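Asks: this is the structure alone, sequence omitted:
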């Protein structure tokens with residue numbers, strides 16, 4: 001039974017198959033390493049939390065004091081609260 005392939009071509013195919021098998025084995029070993037995957041996930045979550053905390057801090061630094069409409073709304077709420085307190089005192 002002849003496949004029409006030379007010995008060199010067959011050896012090349014075998015080497016390529018070995019490399020693919022090695023890569024597959026490494027991928028499976030990485031998936032099976034639950035501890036390493038958990039550490040990686042913790043690292044990702046920490047990074048996301050750090051980014052989000054930075055965003056929140058930056059928003060808070062600008063805050064509502066730099067937004068005229070928010071400042072006006074806050075002043076209106078304070079004024080309404082004072083007016084209600086004074087009205088109830090009568």
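Replies: Yep, it's here. Keep in mind that what you see is a predicted model, and the values were worked out from it rather than measured.

Asks: ok, now how distant is residue 71 from residue 3?
Replies: Separation of residue 71 from residue 3 (Cβ to Cβ, to the nearest Å) stands at 82 Å. To be clear about C-beta, it is placed using only N, CA and C from the backbone, and glycine gets the same treatment.

Asks: one more: residue 44?
Replies: To residue 3, residue 44 is 48 Å away according to Cβ to Cβ.

Asks: those two - which one has more neighbours?
Replies: Here residue 44 and residue 3 are compared on neighbour count by other Cβ atoms under 10 Å; more neighbours surround residue 44, at 10 against 7.

Asks: pLDDT of the helix or strand hosting the more buried one, averaged?
Replies: The secondary structure element spanning residue 44 is helix 34-62 (assigned by DSSP states H and E). On average, the pLDDT along helix 34-62 is 85.
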